[in-house]
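Trainee: Okay, here's the prediction I keep looking at, along with the sequence it came from:
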Amino acid sequence: MWNLSFTPPEVIEASVLTRLPDAMRQPRRTEWVDANKPGHVMDSFLEGPVFDGQGNLYVTDIPYGRIFRITPGGQWQLVVQYDGWPNGMAPHADGSLWIADYRRGILRLDPASGEPPTPVLAHRNSESFKGVNDLTFDAAGNLYFTDQGQTGMHDPTGRVYRYTRGGRLDLLLANAPSPNGLALSADGGALFVAVTRGNQVWRAPLLPDGSISKMGALQTFFGTSGPDGLAATADGGVVVAHASLGGAFVLNARGEVTHFVRSPVGATVTNIAFRPGTAELVMTESSSGSVLRALLPVPGVALGGHFLSA
């Protein structure tokens, strides 16, 4: 059951905004591809879309350790390539990009420098992370991130952390089967987590001390993969990129599916972001190396750590 009106979600057709140029594609096997897409040869795997204050869009390319900038005019620029597996990104108020790197932990990148990203948090109490995946800031500058690794229904030990501005690392959740994208509700009072292998979106109230309480399943999906990136909407809901169903689902605050944003080119919609101050949603479709766009009926929420305007 999608919603209490017992009607199908309204379909919004996305279009291709841009695609990774052929000259930048690298069709070969890598360790990441062998582990996560066995039997495939992939020329890219785009993730982590995020905008800066000048309207540039940044995306990651996980298996090749690349960060790209896409200008408002559609030009692709290689910002940096380094020895890592960058996944989600979040903008910091100081103009830097913070990266959830599966191989190296939480990193910080100055996109203007051309220098490789530097470590922020590589481990917890000398113990390596399982493999961090995505991250977001709240309005106070605290960082939330998922530690997914290869967890799943067979091993429901994925984690969600909160890294405070004061440098304290809090473990919020330790029993998720593949925690992936995450987002804070419009009022900052709830945390949404995409649980890929459980094929659900979980929701937990955030308490005044920063801990979570009464986490439950807001919505359940199906498919060979599951929910991936998330983006909060201004009306208290959340948009859910689904990595095997060919699009993104728009949920209202009650968890009802009101709209489905359909990909025109492939089924692997991995992550999403709103263009700041608008209802325009961009989506990475990783099987084709494309960035999609669609206009939603509700605008997105400004990210807590968003870039300062120029």
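Mentor: Yep, that arrived.
Trainee: On the pLDDT front, check P63 for me.
Mentor: pLDDT recorded at P63 is 96.
Trainee: all strands of the stretch 1-150 of the chain, in order?
Mentor: 10-13, 15-19, 46-51, 57-61, 66-70, 76-81, 86-91, 97-101, 105-109, 118-121, 123-124, 127-128, 132-137, 143-147 (DSSP state E, counting those that start in this stretch).
Trainee: try the stretch 151-300 of the chain
Mentor: 158-163, 169-176, 179-184, 190-195, 200-205, 216-220, 227-232, 238-242, 247-251, 257-262, 269-274, 280-285, 290-295.
Trainee: Format those strands as TSV; extra columns: distance to Q150 and mean neighbour count.
Mentor: C-beta: built from backbone N, CA, C; applies to glycine. Below are the strands of the stretch 151-300 of the chain laid out as TSV (distance: least, CB to CB, whole Å; neighbours: other CB atoms under 10 Å):
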stretch	distance to Q150	mean neighbour count
strand 158-163	9	22
strand 169-176	13	16
strand 179-184	12	28
strand 190-195	14	26
strand 200-205	18	20
strand 216-220	22	16
strand 227-232	15	28
strand 238-242	20	29
strand 247-251	24	25
strand 257-262	29	20
strand 269-274	17	27
strand 280-285	21	24
strand 290-295	27	21
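Trainee: between those, which gets nearest to R104?
Mentor: Proximity to R104 (CB to CB) singles out strand 158-163 among the strands of the stretch 151-300 of the chain, at 15.3 Å.
Trainee: mean confidence score for that closest one?
Mentor: On average, strand 158-163 scores 98.
Trainee: Would you mind pulling up the elements that that strand packs against?
Mentor: strand 143-147, strand 169-176, strand 179-184, strand 190-195 (3 or more CB pairs under 8 Å, 6 or more residues apart in numbering; DSSP states H and E).
Trainee: Adding distance to R29, write the strands of the stretch 151-300 of the chain out as CSV.
Mentor: Putting the strands of the stretch 151-300 of the chain into CSV (distance: least, CB to CB, whole Å) gives the following:
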stretch, distance to R29
strand 158-163, 26
strand 169-176, 30
strand 179-184, 24
strand 190-195, 28
strand 200-205, 32
strand 216-220, 34
strand 227-232, 23
strand 238-242, 26
strand 247-251, 28
strand 257-262, 31
strand 269-274, 20
strand 280-285, 21
strand 290-295, 22
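Trainee: what would the strands of the stretch 1-150 of the chain look like in a markdown table with distance to T278?
Mentor: Below are those laid out as a markdown table (distance: least, CB to CB, whole Å):
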| stretch | distance to T278 |
| --- | --- |
| strand 10-13 | 15 |
| strand 15-19 | 13 |
| strand 46-51 | 10 |
| strand 57-61 | 13 |
| strand 66-70 | 16 |
| strand 76-81 | 22 |
| strand 86-91 | 16 |
| strand 97-101 | 21 |
| strand 105-109 | 25 |
| strand 118-121 | 30 |
| strand 123-124 | 37 |
| strand 127-128 | 39 |
| strand 132-137 | 19 |
| strand 143-147 | 24 |
